[in-house]
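1. Structure for this input, please:
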Amino acid sequence: MARTTDINKVRNIGIMAHIDAGKTTTTERILFYTGVLHKMGEVHEGTAFTDYMEQERERGITITSAATTCTWNGYQINIIDTPGHVDFTAEVQRSLRVLDGAIALFSAVEGVEPQSETVWHQADMYNVPRLAFVNKMDRIGADFYNVISMIKEKFAANPVALHMPIGEEENFRGIVDLIENQAIIFESDDNGIRFSITEIPGDVLEQAQLRRSELIESVSELSDALLEKYLNGVELSKEELYDAVRKGAVDRKIVPVICGSSFKNKGVQQLLDSIVRYLPSPNDIGAVKGYAVENHDVEVQRLPLDNEPFSGLAFKILSDPYVGRLTFVRVYSGTLTTGMMLFNPLTEKKERVMKIMRMQANKREELQEVYAGEIVAIPGLRYARTGDTLCDQKHQVLFERISFADPVINQSIEAKTLADQEKMIDALTRLSEEDPTFRFSTDSESGQLIISGVGELHLEIIVDRLNREFNVPAKVGKPQVAYRETILNSVVKTGEFIRQAGGKGQFAIVSLKLEPNETGKGFEFKAEFENSDFPKSYVVAIEQGAKDSLSAGPVMGYPMIDVKVTLVDAKFDVNESSDVAFAIASSIAFKDGCREASPCIMEPVFAVEVITPEEFVGDVIADLSSRRGKIEGIEQRGVLQIVKASAPLSQMFGYVTQLRSITQGRASYTMVFSHYEQAILKYS
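-> Model (predicted):
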């Protein structure tokens, strides 16, 4: 079966934003206008197409990223609607890893919010070109140009307005298309589904001419040829402006900015036009870089061509109640067909593709063949994990894996009956395969099952899913903080492992210097000891022995962080030394050294932002201070005040209830892990 859509007409995009900015509503409108849906669902009614989980419909938030496909004017658009809640940023991260472009959605009232910043920086990490859509232009307090200023100021980006709103708040009735130099007026009787294209109204003509001049000036700076024309007073054509904006967006030199109101259906068709016009195709992104399996220093490239060897990245695992384990794959090169054998170079496992599915949220369309640039789901792959490369065994490549945040909150959990215990382990295994920020383990001392995640809501959803999807009711304990340990002083310690019990013995003597590392740097190892006769494999074993000892600190057995280890001396015996002996000696030196280097407990500290009406600022600050919070600043955003603080996670459990109580339910907050800080508890 031949390719039906030219790769230049394929767009792989994500919609990213802060919670409640309107991502899912916008996706819903896009699917309606492209003919995928015949009736628009609403988030607040629990009928949104991409919010298909019961938990999403009940809470009115997106929890898991949903993939869907639609067509607009002959272009195929693969969309991933991502969550906005901070507890589910891993969903955004792994989606951005495989997308070619993104719509950064901003509320015209709140502008750039904390989670907007998080996802923007994640998009920077993966070099994803962006198009900004300023939503909710019809809401009280909407200010299009304030949002543009915030994008410029907070992201050091170069936003270029392609639209100018005609009216704001309840008077928002249309937009001026600054490139076409014409007005789009939305019909008021059908919530903006129909619109008319007219001359620019006289009351906004002067302002529109000024904004168009600003646009042309910004765009002309993108190329020498355009700048020369502009300086010589030559009028730039529409085609030149379109081409320049597209190239600037793809090269990430500018961020095109448009506006509308998704809930009222205003500006969504123009958003679709902008997606196909300015965001890149897989061809625009070009070759994807990976590295050779046998030598990670050797770069290997894969071009987005159908006749290249197959390569793809598994970026999401999902447990589907009907088809079982689904692996979402972005195809970077080659053609994927049913019956094909895929090779996973990381696990060295081969797996056959029995089915290929294009997902429409939780609905499925079966395909026989897909090509470079596609995003599909493959059921039945047993060994693939999030971030694994899948390729042709004869032409192997490894793509960079996705790194995720570590869990910072723990909770004990147990099945209500003994019979459910085994089912629970199986369910937790499947959930941990799906979600790389969720982990579970058994406490070696108490024998309790411990689940770990990145936030209270994260674990709440996990427990809810256990009950509903896997039919395993569970009892949970109170959330516990995932503490860490580190050292405060430097020490040099020698570890010896010498055994002689008939036959070949064991001999290893290792001297290590232990010292505190910079916050967030983790474990670092270096060897100052130089001896040309000393086998290099022993140095590797010494490093591994020290690294393995990080799993349990000397104070209360928590994992250790931010420790720098230097090998200063070592002695070996040609006949009796071994890698194992040096790993053990290194572990002894490390553990003994940690006990003498003033070890201490470290607790996770979160950056907290509270958005509150002005009259409650004093109460909010007082409450945060009582939770050992440090107030770092207060900003005004329209009629609201933003209180920025840092607070230990141990003091923030149940904060949402208290915040609602002291602000009459009118404040909201976000918490993002910031760093580890020395706890009050101290080892002596």
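
2. counting contacts, what elements does the helix or strand harbouring V245 pack onto?
-> Assigned by DSSP states H and E, V245 belongs to helix 238-250. In terms of contacts (3 or more CB pairs under 8 Å, 6 or more residues apart in numbering; DSSP states H and E), helix 238-250 is packed against helix 202-220, strand 255-259, helix 268-278. All C-beta atoms are positioned from the backbone trio N, CA, C, and that covers glycine.

3. Repeat the analysis, applying 7 Å as the threshold.
-> For helix 238-250, the packing partners by 3 or more CB pairs under 7 Å, 6 or more residues apart in numbering; DSSP states H and E come out as helix 202-220, helix 268-278.

4. In terms of helices and strands, where is T71?
-> Using DSSP H and E, the element containing T71 is strand 66-72.

5. now do S319
-> Element membership for S319, per DSSP H and E: strand 311-320.

6. Identify all contacting residues around that strand.
-> 94, 97-98, 302, 325-334, 384-386, 388-391, 397, 399, 402, 430, 433-434 (CB atoms under 7 Å, 6 or more residues apart in numbering).

7. ok, now stretch 280-295?
-> Contacts for stretch 280-295 (CB under 7 Å, 6+ apart): 7-12, 100-101, 129, 250, 298-304, 332, 345, 372-373, 396-399.

8. All the strands of the stretch 251-400 of the chain, residue numbers only.
-> Secondary structure of the stretch 251-400 of the chain, counting by DSSP state E, counting those that start in this stretch: strands at 255-259, 288-291, 299-302, 311-320, 324-333, 335-337, 341-344, 349-352, 356-360, 363-367, 369-371, 375-379, 389-391.

9. and the second one, how far out from the chain's middle?
-> Taking CA atoms, centre = their mean, to the nearest Å, one finds the center of strand 288-291 at 21 Å from the center of the full chain.

10. In contact with S577: list those residues for me.
-> When contacts are counted by CB under 7 Å, 6+ apart, S577 touches F507, A508, Y538.

11. May I see these arranged in CSV, with secondary structure, pLDDT and distance to D420 as well?
-> Formatted as CSV, the contacts of S577 follow (DSSP: H, G, I helix; E, B strand; the rest coil; pLDDT from 0 to 100; distance: CB to CB, whole Å):
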residue, secondary structure, pLDDT, distance to D420
F507, strand, 91, 51
A508, strand, 92, 48
Y538, helix, 92, 49
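
12. So which of those residues is surrounded by the most neighbours?
-> In terms of neighbour count, A508 stands highest of those at 29 neighbours, by other CB atoms under 10 Å.

13. In this structure it contacts A585, no?
-> Yes. Counting by CB atoms under 7 Å, A508 touches A585, with 3.9 Å between them.

14. Common neighbours of those two, please.
-> Counting by CB under 7 Å, 6+ apart, the shared contacts of A508 and A585 are F497.

15. gap between the two ends of stretch 370-381?
-> End-to-end span of stretch 370-381 (CA to CA, to the nearest Å): 17 Å.

16. List the buried residues of it.
-> Across stretch 370-381, burial judged by 16 or more other CB atoms under 10 Å covers V370, Y371, A372, G373, E374, I375, V376, A377, I378, P379, L381.

17. repeat for stretch 481-496
-> V481, A482, Y483, R484, E485, T486, I487, V491, V492, K493, T494, G495.

18. before we move on, what about stretch 387-399?
-> For stretch 387-399, burial by neighbour count (16+ other CB under 10 Å) applies to G387, D388, T389, L390, C391, D392, Q396, V397, L398, F399.

19. Identify the residues contacting that stretch?
-> With CB under 7 Å, 6+ apart as the test, stretch 387-399 has contacts from 288, 290-291, 293, 300, 302, 309-314, 329, 334, 342-346, 350, 384, 401-402.

20. Restricting to C-alpha, output it in PDB.
-> Taking Å, rounded to 0.1, in the frame of the first residue of the first chain, the C-alpha atoms of stretch 387-399 are listed here in PDB:
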ATOM      1  CA  GLY A 387      12.500   5.500  25.700                       C
ATOM      2  CA  ASP A 388      13.700   2.300  24.000                       C
ATOM      3  CA  THR A 389      14.800   2.300  20.400                       C
ATOM      4  CA  LEU A 390      13.200  -0.100  17.900                       C
ATOM      5  CA  CYS A 391      15.100  -0.800  14.700                       C
ATOM      6  CA  ASP A 392      16.100  -3.200  11.900                       C
ATOM      7  CA  GLN A 393      18.500  -5.700  13.300                       C
ATOM      8  CA  LYS A 394      20.800  -5.400  10.300                       C
ATOM      9  CA  HIS A 395      21.000  -1.600  10.600                       C
ATOM     10  CA  GLN A 396      21.100  -0.900  14.300                       C
ATOM     11  CA  VAL A 397      20.900   2.500  15.900                       C
ATOM     12  CA  LEU A 398      20.400   3.900  19.400                       C
ATOM     13  CA  PHE A 399      18.400   7.100  20.000                       C
END
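
21. Quick one: mean pLDDT for that stretch?
-> The pLDDT scores in stretch 387-399 average 91.

22. For the strand holding T71, which helices and strands make contact with it?
-> helix 23-33, strand 75-81, strand 356-360.

23. Would you tell me which of these gets closest to V672?
-> The minimum distance between V672 and these falls on helix 23-33, with 18.5 Å, by CB to CB.

24. give me every residue that touches the residue nearest the centre of the chain.
-> Per CA atoms, centre = their mean, the C-alpha nearest to the average position across the chain is that of Q93, at 2.0 Å. Q93 is in contact with Q122, I402, F404, counting by CB under 7 Å, 6+ apart.

25. From the residues you listed, which land in helices?
-> Here DSSP state H is the test, and the contacts of Q93 give Q122 as lying in helices.

26. quick check, nearest of the contacts of Q93 to L550?
-> The closest of the contacts of Q93, once distances to L550 are taken by CB to CB, is F404, at 18.9 Å.

27. so the closest one sits right up against R97, yeah?
-> No. Applying CB under 7 Å as the test, F404 and R97 come out as separate, 10.6 Å apart.

28. All the strands of the stretch 101-250 of the chain, in order from the start?
-> Listed in chain order, the strands found in the stretch 101-250 of the chain under DSSP E, counting those that start in this stretch are 101-107, 130-135, 159-161, 163-166, 174-177, 182-186, 195-198.

29. Just tell me which of those strands ends up closest to F438.
-> Proximity to F438 (CB to CB) singles out strand 101-107 among the strands of the stretch 101-250 of the chain, at 24.7 Å.

30. Contacts for that closest one next, please.
-> Strand 101-107 has contacts (CB under 7 Å, 6+ apart) with 11, 13-17, 21-23, 26, 96, 112, 116, 120, 123, 128-136, 147, 279-280.

31. And that strand, what's buried?
-> Within strand 101-107, the residues that count as buried by 16+ other CB under 10 Å are G101, A102, I103, A104, L105, F106, S107.

32. before we move on, what about stretch 216-233?
-> Neighbour-count burial for stretch 216-233 flags I216, S218, V219, S220, E221, L222, L226, K229, Y230 (criterion: 16+ other CB under 10 Å).

33. distance between the ends of it?
-> 11 Å.

34. Quick one: mean pLDDT for that stretch?
-> 87.

35. what's next to it, contact-wise?
-> With CB under 7 Å, 6+ apart as the test, stretch 216-233 has contacts from V160, L236, E240, L241, A244, V245, K247, G248, K253, I254.

36. and what of stretch 514-524?
-> Contacts with stretch 514-524, where a contact means CB under 7 Å, 6+ apart, come from 486-488, 490-491, 493, 547, 550, 561-565, 590, 593-594, 597, 675.
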